[in-house]
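**Student:** just the structure for this:
(2 chains)
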Amino acid sequence: MRRRSGGLLLLAFVAGSLFPYYWAFLVGSQDAVSLTGATLVPGGHFLANAERVFDTVPFWRALGNSVVVAGTVTASTVVFASLAGFAFARTRFPGRDGLFRFVVATMAVPTQLGIIPLYLAMAELGWAGGLQAVIVPNLVTALGVFWMRQYTVSAVPPELVDAARVDGCSLARTYWHVCLPSVRPAMAALGMFTFMASWNDFLWPLVALDADHPTVQLALERLQSGHYVDYPLVLAGTTLATVPVLAVFAVFGRRSVDGVALG
Amino acid sequence: MRARLTPYLCVAPFFVLFTVTGLFPLLYTGYVSLFSWDLVGDAPTFVGLANYAELLGDDRFGTALVNTASIFLLATGPQLLVAVGIAALLDAAPRPTTGWRVAVLAPTAMSVVAVGIVFANLFGPKYGLVNAGLEALGIGAVDWQADRLASHVAIAVMVNWRWTGYNALVVLAAMRAIPPSLHEAATVDGAGRWRRFRHVTLPLLRPTLLFVVVTSTIGGLQVFTEPKLLDAQPGSANGGASGQFQTVALYVYQSAFETRRLGYASAVAWVLVLLVAVLAWVNYRLTKRMAGVDG
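**Tutor:** Numbering: from 1, shown residues only, chains lettered A, B, ... in the order given. The predicted model follows:
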């Protein structure tokens, strides 16, 4: 009896977690003219609405920009974080523990609030407006370094590293042949989280990018702007913008739930 | 010689990048706050603490501070309770729970912009689903934008929808790390389910719960996107007609990039930085004290 009511509560929570996804598609599939009240059955206008999304905002360009930004940021974060994680976990050097404590402490620093000087700096460099302005500051994160360090500690036996070093293997080769093969699951999970965070980022791209370089989130916000909000249009756009992330999530979701345990 | 340098080279990218694009801009914000600095106009002029003096008499800033605190409290409290509850249910559920856990984590895949748009629609004053439900129940429609407290609730719901499942999984991981022998010992001593949860599980979860509180504090004080998208006049950073749900982060953005007063905006941002630092420090002290008393 108790187990059953617990299961029902879980089911309700999961339904609530998934409902807004369904709702976005539901409204996005309605006819813009006839939509007046709430309904729970999808209409047949999703493709027509999607077409209007591409006519209203430069959605293809926004998708391309988001792929470039999130792809670059993800690749670079995974490489730099796994290298730093390996160095912190399996090498000894003066200042290591102090530096690692610094990494952990920086996770609590609200760097988002430094956007004003960061914007001034980007303007000075001539980067403001372009994609490099949102790529460069995100090439590696403290969370990524911390995550890879924790995983490396648990997955790469120190004896293996020592043996490789005694055999004359350079640190770079040890990283490549001993560390990398063992930390791949963590790299996949980190990659997924980084991709999602970058794809979904809003405040800094809003400040840093100009109208010619929208990301998907900026295009979405532009869709919603105006005194009259055309919800079937906006929510069809929202659905289109969410599908790529959901696809990544569907592929890596199993790994990511184990990844949360690490963070 | 080269081999000694290699580890430093491995960790250097993070430190260089963080210093240049994270720490330096944050500290430089304090410097900019001492100037009257127009985004596009004349050269900045030094004004000392004038921006901070202005802050003290700025009603909009006061409102934004109260709004931020109110949204933060409405979000963090319920979120923590529900997250612990869901974690306990998942812990008790028959294994494997991978499918459940993926579903619980799904909201984090939706962007905050998308969350803002979807929930602005759900909380729509006229045709929104929430109001349709409330009217069907005979409670009557609520104006989720115009009413101050209602708008805070709507924003807190957005924050909670996106983060409760994630935090439940963090708590679940900590629950699973508790040695089963502790529960077995308590059962032998005659403790029921609830007593075991209360006296074995909860005390051992404390560090994790504090971690969750700290991360939601840091995130909660910087809430920006949700209130920006709830605005009935999208594209503005007003946070409602009378700023009834404008948060401090939204006010920073508006002051810097709409009214273009970089110096004043920096003063607002710097106050928020200090606030985050103080709260993080209080949390840290609290953790240490609890560890000292219990451990």
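
**Student:** burial measure for residue 61, as a count.
**Tutor:** Picking chain A for this. Neighbourhood size, residue A:61 [other CB atoms under 10 Å in any protein chain shown]: 15. No exception for glycine: its C-beta is placed from N, CA and C like everyone else's.

**Student:** the chain in question should be chain B.
**Tutor:** Residues near residue B:61, counting by other CB under 10 Å: 21.

**Student:** pretty sure it is touching residue B:251, no?
**Tutor:** Yes: the pair residue B:61 and residue B:251 qualifies as a contact (CB atoms under 8 Å) at a distance of 6.5 Å.

**Student:** what touches both of the two?
**Tutor:** Common contact partners of residue B:61 and residue B:251 (CB atoms under 8 Å, 6 or more residues apart in numbering or on different chains): residue B:268.

**Student:** what about the stretch 51-200 of chain B, any weak spots by pLDDT?
**Tutor:** For the stretch 51-200 of chain B, no stretch is flagged by pLDDT under 70.

**Student:** again, 80 this time
**Tutor:** Within the stretch 51-200 of chain B, the ranges that satisfy pLDDT under 80 run B:94-97, B:126-127.

**Student:** tell me where it has helices.
**Tutor:** B:59-92, B:98-105, B:112-122, B:129-136, B:148-176, B:180-188, B:193-196 (DSSP state H, counting those that start in this stretch).

**Student:** using a markdown table, lay out these together with distance to chain A.
**Tutor:** Formatted as a markdown table, the helices of the stretch 51-200 of chain B follow (distance: least, CB to the nearest CB, whole Å):
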| stretch | distance to chain A |
| --- | --- |
| helix B:59-92 | 5 |
| helix B:98-105 | 4 |
| helix B:112-122 | 5 |
| helix B:129-136 | 4 |
| helix B:148-176 | 4 |
| helix B:180-188 | 16 |
| helix B:193-196 | 8 |
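
**Student:** of the ones you listed, which is nearest residue A:225?
**Tutor:** Distance to residue A:225, taken as CB to CB, is lowest for helix B:112-122 among these, at 11.1 Å.

**Student:** what angle do the closest one and helix B:148-176 make?
**Tutor:** Using axes from the mean of the first three to the mean of the last three CA atoms, to 10 degrees, one finds that helix B:112-122 and helix B:148-176 are set 130 degrees apart in direction.

**Student:** packing partners for helix B:112-122?
**Tutor:** Applying 3 or more CB pairs under 8 Å, 6 or more residues apart in numbering or on different chains; DSSP states H and E, one finds that helix B:112-122 contacts helix A:2-28, helix A:180-200, helix A:216-224, helix A:231-262, helix B:129-136, helix B:148-176, helix B:225-230.

**Student:** residues in contact with that helix?
**Tutor:** A:20, A:23-24, A:27, A:200, A:202, A:217, A:220-221, A:224, A:231, A:234-235, A:238, A:241-242, B:107, B:110, B:128-130, B:154, B:157-158, B:161-162, B:225-226, B:228-230.

**Student:** go on, stretch A:148-160?
**Tutor:** Outside stretch A:148-160, the residues that touch it by CB under 8 Å, 6+ apart are A:81-82, A:84-86, A:88-90, A:100, A:103, A:178-179, A:182-183, A:185-187, A:190, A:262.

**Student:** among those, which ones are buried?
**Tutor:** A:81-82, A:84-86, A:88-90, A:100, A:103, A:178-179, A:183, A:186-187, A:190 (16 or more other CB atoms under 10 Å in any protein chain shown).

**Student:** hmm, which two among the residues you listed are most spread apart?
**Tutor:** Greatest spatial distance among the buried ones among the contacts of stretch A:148-160 (CB to CB): A:103 and A:178, at 22.6 Å.

**Student:** re the thing from before, now, which of the buried ones among the contacts of stretch A:148-160 sits nearest chain B?
**Tutor:** residue A:84 (4.5 Å; CB to the nearest CB).
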